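**Q** quick one: sequence and predicted model below, then my questions.
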Amino acid sequence: MSEARRLPRNVRLLMASRTVRSVGQGATVASFSLYLHALNYSGTTIGTILMAGLLFGALLTLIIGPLSDRCGSRVLLLGYEVAAAIAALAAVLSHVEAVLIVAATVAGFGRGANGAAGPFAPAEQAWLAREVDGAARQRTFTLNATLGFLGMAAGAALVALPAVIGRSFAVVGTYRLLFLLPLAGSLVSIALLASAHEPAAARPAAQPADNGPRTGANLNRVENRQLWRLALTNAVNGLAIGIVGPLMAYWFAQRFAQSPATIGQALAASFVLAAVGSMLSGRLALRFGAVRSMLWMRLIGVVLLIATPFAPVFILAAALYALRAAFNQGTTGTRQTVAASLTRAMRRGLGASVQNLSLQIPRAVGPVLGGAFIHAGYFITPFLLAAALQTLYLVLYWHFFNALDANMEVDHS
């Protein structure tokens, strides 16, 4: 990670914040749906609770990105961490299920955001994009995603900790101990963000006189068209992710009757491979182009996604899913780089909002569909439906953005 030492101090602090935040997220991805199952919620109800958190996040995302372009990202991220810490503390202390559901809606437990700051992720992405340009931006987003995956892996692995100290998951209260991880992550993130110093927001550059006053409006129209295309492709991708991704722990438990500790280790392996895939994706993007490398990696991921539910035993299904994470989730940083290249600096909060919002709203619908299928015993159907949507996403992405690779080195500030 020598690259990190060469990055600006603010970038290093944001990355550190993402890393500690992702540990708690990894723990809840591996355990939250199982906690709800232990509370005797059906698959459809589990999906609905996950949907509520995603929709709440989507509503805030609609506001946060453009707001960060005006008032800055630091104060917004600090506000998020304070709210997340309160939600995690409530989940640790309260035995009331309604409190748990409200806390989960606010903090997005089980969502699996790879360490991103939930609905405040556009503010985080816009801040990073303002700090670095060109090839350094590609490396920054790639390293940021990699650290998030490694933190998620650590959190998922730590789900086994209660069993190590003799606490059984047959006792529902054991699950509450795991919320100490997101609580600790939020407290450390608050300290890191408090020591960061956000640069002044970029202002639109003065236009040459011979271009006339309409130049800015023309650029806005071009950028808006690209953002609409991004929203359409992300909507398809978001629905595909939501059908399977947030429910993998529940699927492993229902399909193979595995314990939370075992499932946590399987998901930890998938996050480690996603981190490896993230570094590979970053290198391929610099050599072959962000769009081309992302498409080929995601295509391999679709094939592995189709194969996963046909695995006859848990160890093979877990291995296929983990390998798929390297090729699918590993492209996160590259996709964020492409999204950041679609607008000028002073509109990157808006661009990041479109990137996140267009994923989150369809993704919110997915867990209800996936949970209903799994609860009814249809263990293969969600994967095939998600794979079909992922294929459509790749076709649209190539159609809309294949020409961007030739221009990715150009700074759009």
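**A** On my side now, so go ahead. Numbers count the residues shown, from 1 in each chain.
**Q** how many other residues sit next to residue 228?
**A** Counted with other Cβ atoms under 10 Å, the neighbours of residue 228 add up to 12. Every C-beta, even on glycine, is put in place using the N, C-alpha and C of the backbone.
**Q** who are the packing partners of the host helix or strand of it?
**A** Secondary structure assigned from DSSP states H and E places residue 228 in helix 215-244. In terms of contacts (3 or more Cβ pairs under 8 Å, 6 or more residues apart in numbering; DSSP states H and E), helix 215-244 is packed against helix 348-375, helix 381-401.
**Q** got the angle for it vs helix 381-401?
**A** Counting by axes from the mean of the first three to the mean of the last three Cα atoms, to 10 degrees, helix 215-244 lies at 160 degrees to helix 381-401.
**Q** any idea of the angle helix 215-244 forms with helix 348-375?
**A** Here helix 215-244 runs at an angle of 20 degrees relative to helix 348-375 (the same axes, to 10 degrees).
**Q** can you tell me how far the closest residue to residue 273 other than its chain neighbours is from residue 115?
**A** Spatial nearest neighbour of residue 273, chain neighbours left out: residue 326 (4.0 Å); criterion: Cβ to Cβ, 6 or more residues apart in numbering. As judged by Cβ to Cβ, to the nearest Å, residue 326 and residue 115 stand 17 Å apart.
**Q** between the two, tell me which one has more neighbours.
**A** Taking other Cβ under 10 Å, residue 326 and residue 115 do not tie; residue 115 has more neighbours (30 against 26).
**Q** can you tell me the element residue 254 falls in?
**A** Assigned by DSSP H and E, residue 254 falls within helix 248-256.
**Q** show residues contacting that helix.
**A** Helix 248-256 is contacted from outside by 29-34, 37, 43, 46, 244, 258, 260, 263-264, 266-267, 309, 313-314, 317-318, 321, 370-371, 374-375, 379, 382, using Cβ atoms under 8 Å, 6 or more residues apart in numbering.
**Q** and stretch 167-185, by the same measure?
**A** Under Cβ under 8 Å, 6+ apart, the answer for stretch 167-185 is 20-25, 27-28, 31, 34-35, 38-39, 84-85, 88-89, 91-93, 95, 107, 109, 155, 158-159, 162-163, 259-261.
**Q** quick one: the helices in the stretch 151-300 of the chain?
**A** Assigned by DSSP state H, counting those that start in this stretch, the helices in the stretch 151-300 of the chain fall at 161-164, 174-177, 180-194, 215-244, 248-256, 260-288, 290-307.
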